[in-house]
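In: I need the structure of the sequence given here:
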Amino acid sequence: MVLKEENSSQDPKACADVLSRCKSRRLAPESVTNSLRIQEVAFLLDVSKEHTGVRPVLAEYHFSPVHCYESKREIEEKMLKEATFGVADYVVSALALCISLSIGLYYACSGGRQATTAEYHLGNRNLNFLPVMFSLMVTSQSSILILGVPAETYLYGFLATISGFGFWFAYWLCARIVIPIVHPIRITSVNEYFNLRYKNNRVRFLTTVLSFIFWFIYLGIVTYGVSTAIESILGVPVWLCVVIVSICSMIYTAVGGIKAVIWTDVIQYSIMLTSVLAILIKGSMKVGGGSEVIRINSEGKRLDFWNFSLDPTLRYTMWNVMIGNTAKLFYFPLSQSSVQRIGCMPTIKDAYKMFYIVAPLMGLTFFLAGSMGLVSYAYFVKVKCDPLASKFIKNPNQIIPILVTEIFHETPGMAGLFIAGLFCASLSTVSSGYAVISSMTLQDIIKMKWPNLSEKRSTIASKLTVLVISFLTTGMALLLANIKGTLLKLAQMVMTIPTGPYTGIFLYSIFCTSATSAGAILGGIVSLVFYLWMAIGNIVLSPPSVEKKLAPAPLDMCFLNRTMVSYNTTTAAPTSGPASLEGFNQIYGMSFQWFDFIAIIIVFVVGLITSKIVGAPKEEDVDARYVLCFTEQFFPYLPVRVKHLLSCRSTIPKRRKQIKAEERQDNEEMIVGTSFPEKEKGVKKNFREEIR
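Out: Okay, the predicted model is just below:
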């Protein structure tokens, strides 16, 4: 089609194509508004002004010519309102919420009834491997994954999806870092490690603050994200959705503890995965099969992901996806949520197995989420109407909700399944976050102030903490609702500000025997200032994206300015954007993927220099239980002499082996003559005394 003038007549062939699709559905007049796509009805109404032959068909479907004078927005709102949930959809969504609440109530009334902190926060350190593994996985998967990843893939191509494989690398690498440190010392809060490592609370205080900042922002973004999606489909106010998600998560987390969180995570992951697979299968069928989806995306250059450019300003390259994004995602396996689940494992072998299996499953889930973006693009190419380019939606996060309303308009309950999947993805993350903050609050704040607090009062304090946290995260979500920008941009530019410094401090403390508390604190603060500086500069100056968005789907069948317009991305006039950055300001054009990698390096550089100035401790004075040798962890099969040389003749590996041998001997003695509870109580008491 040729680009038409405002007052020109419409293409009769295009009109005939739309009418043919409408007639082939054999719809009853009263059901037309629940079945026709919005752009089709809008097109027919507009064309009827030029082609009177269309009007009898419109009359058959109870659309009179007076509709032709309604505004585009009135038509869209009318159709969207009439295409919302049916009874089956509400039943499916309500069922998902009821299952989550019932699991929490079950664990509140079963077993030890969450009467001790060990049961409430760690499930008595004896939970089954499989549910804990799924819980660990879904903690970092939320509405950001279901909405943000497909949107990024839709706009920038499949390379955005490959960034999810950073989870794979991060968990496999961190399995060799965090598990051998955390599991043997049996801590509840990850921040307790810094107290043991430096024999003071200064670094612990900084990492606790960074952890709190991350989780409050993260939970706020997740809660806000699912609320915007539900609002776009149901018209339910954002504030109401935020309150529902917060209350449901608060109830079953407060009464059921970590056991309720873990088992609801399993159920919620199943529902989330089912909804994702349903969208992929139904969307592919609408397009013409998986091969057709691949063909359309290949022609649209969505599958061109072999970008090895060294330009640091590009949004996605293979380098920043594999290196920068892996560093960005290092926080999750080192965070409190992972440490809490490591503590739930009865043996260190189970903890390793959990991390090694979770890693590829995380990559697979990202792959499925990104594939939804490919299916969305292929579908809108087929119907020749890009909802984003046509301004029908303004936020890329609404692409998947719009796709769902399009492909499932004739299938009762499927839109409800999608909303249930979104709810479950968010509930699993929010509930895990509540459990994380509750355990950190108890160990890093309450127990620091009142070290002799009884088990009963500690458990009550933990449950009350969940209640307070739910109110705070609800306020954070409502605050974020007033910030302009996409969901993924909020996550990338705001949520990750404390993660780079935190990860740097953790790695610096584990691998540098010369580390000091002064080096960790100064390195963390300088790294945090750098991250804030880059993030604020990027947001304020709004540098033009070097990585251009890929061409949208056609607009041939879209209703634009009351005329049918064909949109050619190669000939369309360029839109004005922000001016190019010049001079020193060019640094703000750096891709956000590199921020965490640079922040981690800053912690090491500043920390080592500071330790050299204030006086680094001797290696033999450092407790080998709290440090690791890099070459021993990641190159264990090298010859002993080579490893000894590469580690600068470190004695840490030898001392750690001696400690393991002593622990093994102690375990054998416990089995022979000493009761396990008494021995465990003694060991735990020694560690608690060190922490205090």
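
In: ok, the residue lying closest to residue 97 once chain neighbours are set aside - contacts?
Out: Excluding the flanking residues, the one nearest residue 97 by C-beta to C-beta, 6 or more residues apart in numbering is residue 248, at 5.7 Å. Where you see a C-beta, it was placed from the backbone N, CA and C, and this is true even at glycine. Neighbouring residues of residue 248 by C-beta atoms under 8 Å, 6 or more residues apart in numbering: 97, 100-101, 427.

In: how close does residue 248 get to residue 134?
Out: Using C-beta to C-beta, to the nearest Å, residue 248 is found at 19 Å from residue 134.

In: also residue 596?
Out: In this structure, residue 596 and residue 134 are 26 Å apart, going by C-beta to C-beta.

In: okay, those two: which has more neighbours?
Out: Under the criterion of other C-beta atoms under 10 Å, the comparison of residue 596 against residue 134 puts residue 596 first, with 27 against 22.

In: what average pLDDT does the strand or helix carrying that one get?
Out: Applying DSSP states H and E as the criterion places residue 596 in helix 595-614. Mean pLDDT, helix 595-614: 94.

In: packing partners for that helix?
Out: Counting contacts by 3 or more C-beta pairs under 8 Å, 6 or more residues apart in numbering; DSSP states H and E, helix 595-614 is packed against helix 325-329, helix 499-511, helix 517-541.

In: quick one: that helix to chain centroid distance?
Out: 28 Å (C-alpha atoms, centre = their mean, to the nearest Å).

In: how far away is residue 86 from residue 237?
Out: Using C-beta to C-beta, residue 86 is found at 21 Å from residue 237.

In: what segments of the protein are strands?
Out: Assigned by DSSP state E, the chain shows strands spanning 559-560, 563-564.

In: and those, which one averages the lowest pLDDT?
Out: For the strands of the chain, where the average pLDDT is lowest is strand 563-564, sitting at a mean of 36.

In: which helix is the longest one in this structure?
Out: helix 238-287 (DSSP state H).

In: pLDDT (mean, whole number) over that helix?
Out: 82.

In: again, but for stretch 635-645
Out: Average pLDDT, stretch 635-645: 84.

In: the nearest residue to residue 357 once chain neighbours are set aside: what's it in contact with?
Out: Among residues not flanking residue 357 along the chain, residue 133 sits closest, at 5.9 Å (C-beta to C-beta, 6+ apart). Neighbouring residues of residue 133 by C-beta under 8 Å, 6+ apart: 354, 357-358.

In: can you flag which of the residues you listed belong to helices?
Out: Using DSSP H, the contacts of residue 133 in helices are 354, 357-358.

In: and stretch 243-262, which residues are buried?
Out: 243-246, 248-262 (16 or more other C-beta atoms under 10 Å).

In: quick one: low-confidence ranges for the stretch 51-200 of the chain?
Out: The stretch 51-200 of the chain contains residues with pLDDT under 70 at 51-85, 104, 107-126.

In: turn the contacts of residue 248 into a markdown table, columns for distance to residue 391.
Out: Output for the contacts of residue 248, formatted as a markdown table (distance: C-beta to C-beta, whole Å):
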| residue | distance to residue 391 |
| --- | --- |
| 97 | 34 |
| 100 | 37 |
| 101 | 40 |
| 427 | 33 |
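
In: farthest pair in those?
Out: 101 and 427 (10.0 Å; C-beta to C-beta).

In: more neighbours: the two, which one.
Out: Using other C-beta under 10 Å, the more surrounded residue of residue 101 and residue 427 is residue 427, with 33 against 19.

In: check contacts around that one.
Out: Contact partners of residue 427, counting by C-beta under 8 Å, 6+ apart, are 97, 100, 245, 248-249, 264, 268.

In: let me know the closest of those to residue 294.
Out: Nearest to residue 294 out of the contacts of residue 427 is residue 268 (C-beta to C-beta; 30.5 Å).

In: is that closest one in contact with residue 100, as I believe?
Out: Yes: between residue 268 and residue 100 there is a contact under C-beta atoms under 8 Å: 6.7 Å.

In: so what sits against both of these two?
Out: Contacts common to residue 268 and residue 100, judged by C-beta under 8 Å, 6+ apart, are 424, 427.

In: was I right about residue 100 contacting residue 266?
Out: No: applying C-beta under 8 Å as the test, residue 100 and residue 266 come out as separate, 10.9 Å apart.

In: these two: which is more packed in?
Out: residue 100 (28 against 18).

In: any idea how far that one is from residue 432?
Out: Counting by C-beta to C-beta - residue 100 and residue 432 are separated by 13 Å.

In: and for residue 391?
Out: With C-beta to C-beta as the criterion, residue 391 and residue 432 are 37 Å apart.

In: same question for residue 197.
Out: The value you get for residue 197 to residue 432, if C-beta to C-beta is used, is 26 Å.

In: what about these two, which has more around it?
Out: Applying other C-beta under 10 Å to residue 197 and residue 432 shows that residue 432 carries more neighbours, namely 29 against 22.

In: which two in the contacts of residue 427 are spaced the farthest apart?
Out: Using C-beta to C-beta, the pair of the contacts of residue 427 lying farthest apart is 245 and 264, separated by 13.2 Å.

In: so residue 161 touches residue 369, yeah?
Out: Yes: between residue 161 and residue 369 there is a contact under C-beta under 8 Å: 7.2 Å.

In: give me the common contacts of these two.
Out: With C-beta under 8 Å, 6+ apart as the test, residue 161 and residue 369 both reach residue 149.

In: of the contacts of residue 427, closest to residue 378?
Out: Closest to residue 378, out of all of those and judged by C-beta to C-beta, is residue 268, at 28.4 Å.
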